[in-house]
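J.: coordinates only, sequence not included:
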């Protein structure tokens, strides 16, 4: 088994730790956590450290900290020539400290503490600077999920941006749906089956085929009546921009 | 049982017909379809008519045609004082022909021919102009789904608008995710688990709690790097507007 250290104790660190605890390839010998209590429910307290000097030697280090801290953390690892992987979508592997073999292990998922996830259904995008280490990285990734994709830094960034659209922005549209429901005194849960079906449809249909609604039909009467109804300027602006985008997209097809 | 006629043969008509065929309250005695072949797989050919003069007398008529045709169709029903319900989100019941008792039976869902749906999981928003007919309408609705909501025309319109945000616009964001994947040669399916989890999260968390990402964190470095990366002006504009909306929303909380 490969000895691994996880640096960080947030959502990604916790989900990754749980996944590796089921793997027979990776042995997590230590977790670095500023606040030990945040992760004692998942690993023995004596395996948790909060000082970089205490880090043990391992084959691979996973950096699962906030984006802005990744580079600094990479320089604090007191070893060299180890495989050091960050788990961020938007950080070039070249920005990690070059004393180690740098790579990325980017799980394309949204993690929350309150939700259990099956790691074997999460795609992991991997990248490593040294071709000779690729196979090891791939074996590690396959030990937690069959959905392993080799990508370039450019692609990983593009995936991260696409994820912002299909996750952060989509959730914000749910938020606007919630605001409209609050303002008009209907229950948000009336929209739930529609939200779930909209996502489910995309498993079998591509988004082009799945598109419906007034913008897709070019139904200006409904669009105008919706814009008349909306009083929130922000909702109106988003409605107009996305409607126009759907109309323009239809013209390209 | 109440005798019913369904006018229309599109997605809503077909899903409604299938639901009523399982109900012991509604007997669909006839379907009006311009193109009989479009619905012969669901009902005997002799029960399908394509001429309004051939419409049978029934207790209730469901108008399931395109929005722009609803009003005209309502005037062509050769009976009066019947319950006439349209199934649209954005049409006031007062615009139907007043010779009948006008109402709405609006299923809040996206229907496609290629996808089977369990009608008992679809919310139906109901409305009728005559209070004395409300109970009948409610019984009819409950015969196909427990998710029955009495709404006003204003609320129905608001629900329709919210549906545009959480369905049509969300699907368009999936489309943009697909475009980014095509342009950067990664598989759209890498985003699938994220799309499904984003929707699933909203069942237990409210959208505020579920919001994550660079805009939520106010991470301007990542936002700027994403904007630098995006070359499609339309994607850029949508990215900027939704990012700003998330940032402003965070300030209000």
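T.: Nice, thanks for sending it over. As the structure is a computational prediction, the values presented were derived from the model and not from experiment.
J.: and the residue lying farthest from the centre of chain A, how far is that from chain B?
T.: Distance to the chain centre peaks in chain A at residue A:221, reaching 39.1 Å (criterion: CA atoms, centre = their mean). Using CB to the nearest CB, to the nearest Å, residue A:221 is found at 7 Å from chain B. (C-beta placed from N, C-alpha, C; glycine too.)
J.: Please, which helix or strand holds that residue?
T.: Applying DSSP states H and E as the criterion places residue A:221 in helix A:220-229.
J.: for that helix, packing partners?
T.: helix A:214-217, helix A:233-252, helix B:67-76, helix B:153-163 (3 or more CB pairs under 8 Å, 6 or more residues apart in numbering or on different chains; DSSP states H and E).
J.: what's near enough to touch residue A:129?
T.: Residues in contact with residue A:129 (CB atoms under 8 Å, 6 or more residues apart in numbering or on different chains) are A:93-94, A:101-103.
J.: one step back: buried set for the helix holding residue A:221?
T.: Buried residues in helix A:220-229, counting neighbours by 16 or more other CB atoms under 10 Å in any protein chain shown, are found at A:222-223, A:225-226, A:229.
J.: residues in contact with it?
T.: Under the contact criterion CB under 8 Å, 6+ apart, helix A:220-229 has outside partners A:214-215, A:236, A:239-240, A:243, B:67-68, B:90, B:157-158, B:160-161, B:164.
J.: rerun at 10 Å
T.: Helix A:220-229 has contacts (CB atoms under 10 Å, 6 or more residues apart in numbering or on different chains) with A:180, A:184, A:213-215, A:217, A:219, A:235-236, A:239-240, A:243-244, A:247, B:67-68, B:88-92, B:154, B:157-158, B:160-161, B:164-165.
J.: The closest residue to residue A:234 other than its chain neighbours and residue B:63, how far apart?
T.: Computed as CB to CB, 6 or more residues apart in numbering or on different chains, the closest residue to residue A:234 that is not its neighbour in sequence is residue B:245, at 5.6 Å. According to CB to CB, to the nearest Å, residue B:245 and residue B:63 sit 37 Å apart.
J.: of those two, who's got more company?
T.: Each of residue B:245 and residue B:63 has its neighbours counted (other CB atoms under 10 Å in any protein chain shown); residue B:63 has more, 27 against 20.
J.: Would you agree that one is in contact with residue B:84?
T.: Yes: counting by CB atoms under 10 Å, residue B:84 is a contact partner of residue B:63 at 6.8 Å.
J.: Can you work out which residues contact both of these two?
T.: By CB under 10 Å, 6+ apart, residue B:63 and residue B:84 have these common neighbours: B:5, B:7, B:73-74, B:77, B:96.
J.: about what we covered before: now the buried residues of helix A:220-229 in TSV, with pLDDT?
T.: Below are the buried residues of helix A:220-229 laid out as TSV (pLDDT from 0 to 100):
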residue	pLDDT
A:222	96
A:223	98
A:225	97
A:226	98
A:229	98
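J.: Now tabulate those residues in CSV and tack on distance to residue A:203.
T.: Shown next, in CSV, are the buried residues of helix A:220-229 (distance: CB to CB, whole Å):
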residue, distance to residue A:203
A:222, 28
A:223, 29
A:225, 32
A:226, 28
A:229, 32
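J.: Go through these and name the one nearest residue B:48.
T.: Set against residue B:48, the nearest of those by CB to CB is residue A:222 (28.8 Å).
J.: could you measure that closest one against residue A:228, distance?
T.: Residue A:222 sits at a distance of 11 Å from residue A:228 (criterion: CB to CB).
J.: out of the shared contacts of residue B:63 and residue B:84, who has the most neighbours?
T.: Busiest of these [other CB under 10 Å] is residue B:7, holding 26 neighbours.
J.: nearest spatial neighbour of that residue, skipping sequence neighbours?
T.: Distance criterion CB to CB, 6+ apart; nearest residue to residue B:7, sequence neighbours excluded, is residue B:32 at 4.3 Å.
J.: Show me the shaky parts of the stretch 151-253 of chain A.
T.: Residues of the stretch 151-253 of chain A that meet the criterion pLDDT under 70 lie in A:253.
J.: Try it again at 50.
T.: By pLDDT under 50, the stretch 151-253 of chain A contains no weakly predicted segment.
J.: What ranges does chain A have for its helices?
T.: Using DSSP state H, the helices found in chain A span residues A:11-21, A:70-76, A:134-142, A:153-163, A:170-183, A:192-204, A:207-210, A:214-217, A:220-229, A:233-252.
J.: before we move on, the earlier item: which among the contacts of residue A:129 end up buried?
T.: Of the members of the contacts of residue A:129, the ones counted as buried by neighbours, 16+ other CB under 10 Å, are A:93, A:101-103.
J.: now, which of the residues you listed lie within strands?
T.: The strands, defined by DSSP state E, take in A:101-103 from these.
J.: Need those in TSV (columns: distance to residue A:51 and pLDDT).
T.: Listed next are those as TSV, based on distance: CB to CB, whole Å; pLDDT from 0 to 100:
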residue	distance to residue A:51	pLDDT
A:101	24	98
A:102	23	98
A:103	25	98
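J.: Go back to the residues you listed and keep what's next to chain B.
T.: Among those, none lies close to chain B by the criterion of CB under 10 Å from any CB of the partner chain.
J.: any idea which of these is closest to chain B?
T.: Within those, proximity to chain B (CB to the nearest CB) peaks at residue A:103, which comes in at 17.5 Å.
J.: Please tell me how far residue A:208 sits from chain B.
T.: Separation of residue A:208 from chain B (CB to the nearest CB): 7 Å.
J.: same deal with residue A:25?
T.: Noted for residue A:25: a distance of 22 Å to chain B, by CB to the nearest CB.
J.: what's the answer for residue A:120, then?
T.: Applying CB to the nearest CB, the value for residue A:120 to chain B is 10 Å.
J.: Skip the chain neighbours and tell me the closest residue to that residue.
T.: With CB to CB, 6+ apart as the criterion, residue A:120 has its nearest non-adjacent residue at 5.1 Å, and that residue is residue A:145.
J.: Could you do residue A:45 as well?
T.: Nearest residue to residue A:45 in three dimensions, chain neighbours excluded: residue A:36, at 6.5 Å (CB to CB, 6+ apart).
J.: do residue A:15 as well
T.: Spatial nearest neighbour of residue A:15, chain neighbours left out: residue A:111 (5.3 Å); criterion: CB to CB, 6+ apart.
J.: In this structure that neighbour contacts residue A:8, no?
T.: No: with contact defined as CB under 10 Å, residue A:111 does not count as touching residue A:8 (11.7 Å).
J.: Touching both of those two, which residues are there?
T.: Residues touching both residue A:111 and residue A:8 (CB under 10 Å, 6+ apart): A:14, A:16, A:64.
J.: TSV for those residues, including distance to chain B?
T.: Below are the shared contacts of residue A:111 and residue A:8 laid out as TSV (distance: CB to the nearest CB, whole Å):
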residue	distance to chain B
A:14	15
A:16	15
A:64	15
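J.: Okay then, goodbye and thanks.
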